[in-house]
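Asks: what would the 3D arrangement of this be:
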Amino acid sequence: MLTQTTTRVLEPADLGAALAVLESAPVENAFVTARVRVAGLDPWRLGGEMWGWYTEGRLTSLCYSGANLVPICATPEAVRAFAERARRIGRRCSSIVGPAGPTAELWRLLEPSWGPARDVRAHQPLMVAEEPSATVGPDPLVRRVRKDEMDVIMPACVAMFTEEVGVSPMAGDGGLLYQARVAELVAAGRSFARIDDGKVVFKAEIGAATRQACQIQGVWVAPEHRGRGLSETGMAAVLQYALADVAPVVSLYVNDYNTPARAAYRRVGFRETGAFMSVLF
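Replies: Next up, the predicted model:
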């Protein structure tokens, strides 16, 4: 057993201890927990390494290092250790994302060697709901996307990603990985849309799902339909699906400068419980 403060790459045998840390904060850790529940800790299956920080032999903090760098339940000492490991191996991720406090400190330590970032979103409110909307009726035309509708949903997904992140998901590998992820969500019944006359009017996905919590992502309304309240009625519908079929707590995070979206989510019944931070490269 480890008897001092140290960090190391976790192995499959560490799965139980890692899940105990992840599930101590089920809402904010939903994204990584969902991946670990499916893939375990084998780096090849997980798509990256899971680093563990030990204090007197007990695993207390984690950091997922893959396409994203994600500090998890990270104490200040753990953040410093994770930053040192990240500096040594060099940047391999396209973003750093996680709870605002640890992520801000991680970026402060990494910026001299990893910077500059393409964009830093320092405060992204984390919002949760545990009941269907009491004030906004769900749009009855929002439904699960069918597998034979990939050619309909993909343009909307690409438009949303490009608008939100600032780069197209079709760059690099021609969008193969992104298309595979969209297809995975459609096949799992976690992609929702209102489709009028063969065109997507509203869409959203449940991107991460565990037994304790799930996370809505990719909320998008076609530009010509904005300002009509479709994001509210659409989100009320997705929230209803999520609570009925997926998990007892539904979460999302949103850019703090997106005032209309934050107001819309509050009207649907989401409340702010914390904040995330994203550093995009």
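Asks: tell me the buried residues in stretch 205-216?
Replies: Neighbour-count burial for stretch 205-216 flags Glu205, Ile206, Gly207, Ala208, Ala209, Thr210, Gln212, Ala213, Cys214, Gln215, Ile216 (criterion: 16 or more other CB atoms under 10 Å). Bear in mind the C-beta positions are built from the backbone N, C-alpha and C, glycine included.
Asks: in which helix or strand would I find the second one?
Replies: Here Ile206, judged by DSSP states H and E, is contained in strand 199-209.
Asks: gap between the residue most central in space within the chain and Val158?
Replies: In the chain, the C-alpha nearest the mean C-alpha coordinate belongs to Phe31, at 5.2 Å (CA atoms, centre = their mean). The gap separating Phe31 from Val158 is 21 Å, by CB to CB, to the nearest Å.
Asks: okay, the residue nearest to the centre of the chain: pLDDT?
Replies: Note for Phe31: predicted pLDDT of 95.
Asks: just the C-alpha atoms of stretch 257-271, please, in CSV.
Replies: Output in CSV follows, covering the C-alpha atoms of stretch 257-271 (Å, rounded to 0.1, in the frame of the first residue of the first chain):
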residue,chain,number,x,y,z
TYR,A,257,-22.4,35.2,-21.0
ASN,A,258,-25.2,33.3,-22.6
THR,A,259,-27.8,35.2,-20.6
PRO,A,260,-30.9,34.2,-22.7
ALA,A,261,-30.0,30.5,-22.3
ARG,A,262,-29.5,30.8,-18.6
ALA,A,263,-32.8,32.5,-18.2
ALA,A,264,-34.6,29.9,-20.4
TYR,A,265,-33.2,27.0,-18.3
ARG,A,266,-34.3,28.7,-15.1
ARG,A,267,-37.8,29.1,-16.4
VAL,A,268,-37.8,25.4,-17.3
GLY,A,269,-36.9,24.6,-13.7
PHE,A,270,-33.1,24.3,-13.6
ARG,A,271,-31.2,26.0,-10.8
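Asks: can you pull the buried residues of that stretch?
Replies: Ala261, Arg262, Ala264, Tyr265, Arg266, Arg267, Val268, Gly269, Phe270.
Asks: backbone dihedrals for Trp114, both of them.
Replies: With angles defined as degrees, to the nearest 10, Trp114 sits at phi -100, psi -20.
Asks: from Arg91, how far out is it?
Replies: 5 Å.
Asks: what about the helices in the stretch 51-200 of the chain?
Replies: Counting by DSSP state H, counting those that start in this stretch, the stretch 51-200 of the chain has helices at residues 76-89, 100-114, 150-165, 176-187.
Asks: now these in CSV, with mean neighbour count and mean pLDDT?
Replies: Below are these laid out as CSV (neighbours: other CB atoms under 10 Å; pLDDT from 0 to 100):
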stretch, mean neighbour count, mean pLDDT
helix 76-89, 17, 96
helix 100-114, 18, 98
helix 150-165, 17, 96
helix 176-187, 16, 95
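Asks: count the neighbours of the nearest residue to Val120 once chain neighbours are set aside for me.
Replies: Leaving out its chain neighbours, the residue that sits closest to Val120 by CB to CB, 6 or more residues apart in numbering is Val279, at 5.3 Å. Counted with other CB atoms under 10 Å, the neighbours of Val279 add up to 26.
Asks: again, but for Val142
Replies: Using other CB under 10 Å, Val142 has 23 other residues around it.
Asks: list the residues that contact it.
Replies: Residues in contact with Val142 (CB atoms under 8 Å, 6 or more residues apart in numbering) are Phe192, Ala193, Arg194, Phe202, Thr233, Gly234, Ala237, Val238.
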